[in-house]
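> no FASTA, just this:
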Ligand code: ATP
């Protein structure tokens with residue numbers, strides 16, 4: 001089943017198109033990544049797919065055409081949004097930030113709040129240890145975990161994840177990427193926008209390379225990781241050596 005399909009999507013700031021005619025698909029259980037340099041339009045595209053910026057083109061979630069949907073509608077349909085800004089409530093505790101993530105489900109009658117919270121704490125033990133702490137006092141990695149945990153509280157089928165590794169130390173980043181793998185094992189599909197092409201291509205099933213607003217290459221992530229152009233532009237010499245040795 002296709003969870004998200006976008007056809008010929010263009011996103012503009014005034015007269016300037018930051019995203020030009022891109023098309024993508026995400027199937028159930030897949031991790032799909034968009035990699036590319038600073039300013040390529042990755043965040044702009046993801047924000048538009050999250051309903052935060054108007055777009056032109058055709059977009060369908062779970063087979064239902066939804067152009068420029070309100071954020072609440074997407075969340076209710078099963079899309080989890082984790083914007084680059086994280087958008088946490090700084091003066092609220094970790095637990096309360098998490099509970100807000102399940103607010104809509106609870107209001108709709110779900111009774112498994114405690115179970116879902118326990119699942120999120122099992123996935124992120126650090127958050128469990130810090131459950132009473134205010135979000136604004138968390139480290140960068142913990143904030144990212146909280147943003148992911150809050151999105152997971154809504155039991156999404158698809159997560160849209162913007163630059164989860166941004167500003168994180170390598171070890172913390174590794175934890176975040178491991179979590180993405182564990183989510184995939186649980187059947188959550190993920191659209192991952194990343195500047196760290198190496199890490200993203202390692203865990204993704206399928207990848208798009210974005211430059212100057214367009215998708216210039218796409219294919220299975222393992223193939224792109226061996227593509228000379230991708231290696232030269234995004235993975236560097238160390239990766240070229242590894243590819244040659246393989
Ligand atoms: P980064 O990885 O640095 O976040 P990106 O690939 O996500 O880069 P975008 O942030 O989407 O790129 O930016 C794409 C282009 O759109 C850039 O040229 C940027 O300057 C421009 N842009 C982004 N936000 C705005 C805005 N609010 N108004 C006008 N132009 C913008």
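On my side now, so go ahead. Since the model is a prediction, treat every value here as computed from it, not as a measurement.
> quick one: whichever helix in the chain runs longest to chain centroid distance?
Criterion DSSP state H: the longest helix present in the chain is helix 170-185. Taking the mean of its C-alpha atoms, helix 170-185 sits 12 Å from the chain's own mean (CA atoms, centre = their mean, to the nearest Å).
> What are the phi and psi values at residue 127?
Torsion angles at residue 127 (phi, psi; degrees, to the nearest 10) stand at phi -70, psi -30.
> tell me the contacts of it?
Contacts of residue 127 were listed using CB atoms under 8 Å, 6 or more residues apart in numbering, and they are 94, 98, 120, 121, 142, 145, 146, 149. (Each C-beta comes from the backbone N, C-alpha and C, glycine too.)
> neighbours of residue 89, just the number please.
By other CB atoms under 10 Å, 14 other residues sit near residue 89.
> For stretch 234-246, the averaged confidence score.
Looking at stretch 234-246 alone, the average pLDDT works out to 56.
> And for stretch 53-64?
For stretch 53-64, mean pLDDT rounds to 93.
> Which residue, other than its chain neighbours, is closest to residue 200?
residue 194 (3.8 Å; CB to CB, 6 or more residues apart in numbering).
> repeat for residue 175
residue 141 (6.9 Å).
> Residues contacting the helix or strand harbouring the one you found, please?
With elements taken from DSSP states H and E, the one containing residue 141 is helix 140-152. Helix 140-152 has contacts (CB under 8 Å, 6+ apart) with 80-82, 86-88, 94, 97-98, 100-101, 116, 119-120, 123-124, 126-127, 130, 135, 138, 159, 161, 164, 167-169, 172-173, 175-176, 179, 183, 188.
> which stretches of the protein have low pLDDT?
Residue ranges of the chain with pLDDT under 70: 237-246.
> In contact with the spatially most central residue of the chain, which residues are there?
Among the residues of the chain, residue 161 comes closest to the average C-alpha position under CA atoms, centre = their mean, at 1.3 Å. Counting by CB under 8 Å, 6+ apart, residue 161 makes contact with 82, 148, 180, 190, 191, 192, 193.
> Quick check: the residue nearest to residue 234 when sequence neighbours are not counted vs the ligand, distance?
In this structure, residue 234 finds its nearest non-sequential neighbour in residue 197, 3.9 Å apart by CB to CB, 6+ apart. Remark: distance between residue 197 and the ligand (CB to the nearest ligand atom, to the nearest Å) = 11 Å.
> isn't residue 197 right up against residue 35?
Yes. The criterion here is CB atoms under 8 Å, and residue 197 meets it with residue 35 at 4.1 Å.
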